[in-house]
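Peer 1: Requesting a structural model of the entry that follows:
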Amino acid sequence: MRKCLWCVAGLSAVILVSERVSGQRVTQPPIRIDADRCGPIPTGRLVTYSLQGDSAAFVVSQFGDVLMRPDLTIDENDRVTIHVITTNAVAPFLRVKRTSPIRSVGTINIAGEAVASIVSSPDSSRGLASKCDLKVQLADFASGRGEVEIALVKSDGKTVEQLTQGSFDFAVNPLYSGAFSLGPLQTTVADPTFAIVKKGTDSVITQTATGKRRVLYALMYTPFIWSRRDLEKPAKHLWERLNPSLGAPLQDIGSNALLGLTIDLPFGVFLNYGVHGAKVSELDPTAGAALGQSYAGSAAPTRKRWTFKSYAGVTVDLRAALKLIHTAATTTLQ
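Peer 2: Below is the predicted model of the structure:
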């Protein structure tokens, strides 16, 4: 593992950051800092993004120039630490604040459902170097775009004025409580149909739909029971990909129910397995009906009963499925 070395050479300091520290992503562009203004810089490392720790870090100038940024996109529950490279004299007069909206904590957000205040939590401790930067920590950015402003506070003893020095922004991914998915499932529940057919001069009962398996297109819902998820990133733990699921076929919803387990894979793909409960038709024994027997009526006497058997299949994120359907429909109409 390469070490992170910060050194002072002549009038400038060069910050070299290793690529990875304990499996966490670390950026590595060099940063040059005026050594006359900063003084000695200690050896250290900066982890710019920690998936396990829900934390990210930026290094910026006091004018908002981004010198180092996270390799992964920030999401709503990440704590964002901002290191402002400045001077020992200027640092006490700098203020760093969020200018983008704060997220609504506790809101249920489902991938695939219809999508149609300034809060600052500064930590004015020293960060990367004892005389080179101001460290501020912000959190709870709303999804979309996060915006941070750096201002210089001036006072003449009577009035206080904040002069904007600079700003920067970054993308913020939403966190989802669950996901809708759509796709084909193969079920072992057969739903036979029956009819009366002529056989010579006689009328007999026959089964017109046979087969032990059939394919249904179903809409599934998968709640993320372990924690809310950023679907653009891998799960923190492998077991977080395994979740319960429930759904129903697109046709005859009132007579079908699906309950099982889902494993979500990258790119919005879900593997499904579980139990399919369905109301199916069968010959009514109370009417004395049986396959191949003569029957004088115009229609085979049937009744409905619930049966429970297994299903399996692959569904895709509803957002991706709808885009695919729209593209296919557009192409067909052209």
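
Peer 1: rest of the way, CA atoms for contacts and neighbours
Peer 2: OK.

Peer 1: Break down the chain into its helices, ranges please.
Peer 2: Under the criterion DSSP state H, the chain carries helices at the ranges 35-38, 318-333.

Peer 1: rank the ones you listed by mean pLDDT and give me the bottom one.
Peer 2: Ranked on mean pLDDT, the bottom entry among the helices of the chain is helix 35-38, at a mean of 45.

Peer 1: how about low-confidence regions in this protein?
Peer 2: 1-44, 105-133, 156-159, 200, 209-211, 328-329, 331-334 (pLDDT under 70).

Peer 1: Show me the residue at the heart of it, geometrically.
Peer 2: residue 231 (2.3 Å; Cα atoms, centre = their mean).

Peer 1: tell me the contacts of that residue?
Peer 2: By Cα atoms under 8 Å, 6 or more residues apart in numbering, the contact set of residue 231 is 175, 176, 268.

Peer 1: State the distance from the residue lying closest to residue 144 once chain neighbours are set aside to residue 50.
Peer 2: Sequence neighbours aside, residue 172 is the residue nearest to residue 144 in space, at 5.1 Å (criterion: Cα to Cα, 6 or more residues apart in numbering). According to Cα to Cα, to the nearest Å, residue 172 stands 15 Å off from residue 50.

Peer 1: What distance do you get for residue 89 to residue 63?
Peer 2: From residue 89 across to residue 63, the span is 16 Å (Cα to Cα).

Peer 1: ok, the two, which is more surrounded?
Peer 2: Shown here are residue 89 and residue 63; by other Cα atoms under 10 Å, residue 63 has more neighbours (18 against 11).

Peer 1: With the flanking residues excluded, which residue is spatially nearest to that one?
Peer 2: Using Cα to Cα, 6+ apart, the nearest residue to residue 63 is residue 166, at 4.3 Å.

Peer 1: so that neighbour makes contact with residue 149?
Peer 2: Yes - counting by Cα atoms under 8 Å, residue 166 touches residue 149, with 6.1 Å between them.

Peer 1: Identify the contacts common to these two.
Peer 2: With Cα under 8 Å, 6+ apart as the test, residue 166 and residue 149 both reach residue 64.

Peer 1: burial measure for residue 313, as a count.
Peer 2: Neighbours around residue 313, by other Cα under 10 Å: 19.

Peer 1: which residues touch it?
Peer 2: When contacts are counted by Cα under 8 Å, 6+ apart, residue 313 touches 183, 184, 185, 186, 271, 272, 273.
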